[in-house]
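# Task: produce atomic coordinates for the following.
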Amino acid sequence: MNEEESTVKATDYVKLQTEQAFGLLKMAADGMDDAQYNLDGPGTCNAAAKSHVHALTSYDFFVINKAKGADMMWPAFAAKHGLPPNPMEIWGHNANISGAAMKEYAEQIQKATLDYIATLKDDDLDRQVDTQFFGTQSLAFLLQLASMHATGHAGDVAAVKGSQGLKGLPF
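Residues are numbered from 1 along each chain as shown. Predicted coordinates for the structure are as follows:
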């Protein structure tokens with residue numbers, strides 16, 4: 001192996017962080033039936049389903065739409081499953097959200113996100129992107145934002161799951 005092949009690249013860390021965030025979100029959302037998935041948490045907690053949708057659609061918005069420049073995958077998926085076309089409307093959505101359908105969407109958005117990341121070179125991480133919510137930022141900022149955001153909402157999902165007597169996370 002030559003020196004270039006043995007050097008860890010920044011994009012390797014981006015890929016790892018993204019895989020870990022998706023993995024944590026999956027662990028948190030697994031093991032609930034639809035009633036548990038859609039049950040509003042105690043106090044002001046959101047249902048696990050709504051936090052899960054929000055975390056996943058954040059990858060769709062920030063990575064697929066803003067970073068890659070492609071159309072979000074959510075509108076077509078939402079139409080197929082009776083969900084609001086604008087993912088921010090999920091907070092006011094009162095019908096049940098299918099856990100199986102969201103698992104399907106999670107797999108699709110994870111694949112699309114990781115496929116996009118695989119195309120990046122370290123220099124690409126400096127590219128400036130209009131984030132819409134945080135002004136113009138580097139692609140690196142946007143990718144870490146999406147993963148940190150998903151990780152935070154995985155905690156929300158796990159907490160609501162745990163409040164129902166289920167194991168929120170396996171550790």
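# max-length helix in this protein?
Longest helix in the chain by number of residues (criterion: DSSP state H): helix 139-163.
# on contacts alone, who are the packing partners of it?
When contacts are defined as 3 or more CB pairs under 8 Å, 6 or more residues apart in numbering; DSSP states H and E, helix 139-163 packs onto helix 10-29, helix 48-59, strand 128-130. (Each C-beta comes from the backbone N, C-alpha and C, glycine too.)
# list the contacts for the residue lying closest to K68 once chain neighbours are set aside?
Excluding the flanking residues, the one nearest K68 by CB to CB, 6 or more residues apart in numbering is Y116, at 5.0 Å. Contact analysis of Y116 by CB atoms under 8 Å, 6 or more residues apart in numbering lists 63-64, 67-68.
# For stretch 28-41, measure first residue to last.
In stretch 28-41, first residue to last residue: 14 Å (CA to CA, to the nearest Å).
# got a list of contacts for it?
Contact partners of stretch 28-41, identified using CB under 8 Å, 6+ apart, comprise 46-49, 52, 96-99, 102-103, 106, 154-155, 157-161, 163-164, 166-169.
# for stretch 149-162, same thing?
So stretch 149-162 is contacted by 20-22, 24-25, 27-29, 31-32, 36, 39, 41, 45-48, 51-52, 54-56, 58-59, 62, 167-169 (CB under 8 Å, 6+ apart).
# pLDDT at the residue nearest the centre of the chain, what is it?
In the chain, the C-alpha nearest the mean C-alpha coordinate belongs to L56, at 3.0 Å (CA atoms, centre = their mean). As predicted, L56 sits at a pLDDT of 98.
# Isn't it up against L25?
Yes - with contact defined as CB atoms under 8 Å, L56 counts as touching L25 (7.4 Å).
# my guess is A140 contacts A10, does it?
Yes - with contact defined as CB under 8 Å, A140 reaches A10; the gap is 7.2 Å.
# With neighbour numbers in mind, choose between those two.
A140 (19 against 16; other CB atoms under 10 Å).
# show me the contacts for the more buried one.
Counting by CB under 8 Å, 6+ apart, A140 touches 10, 14, 125-126.
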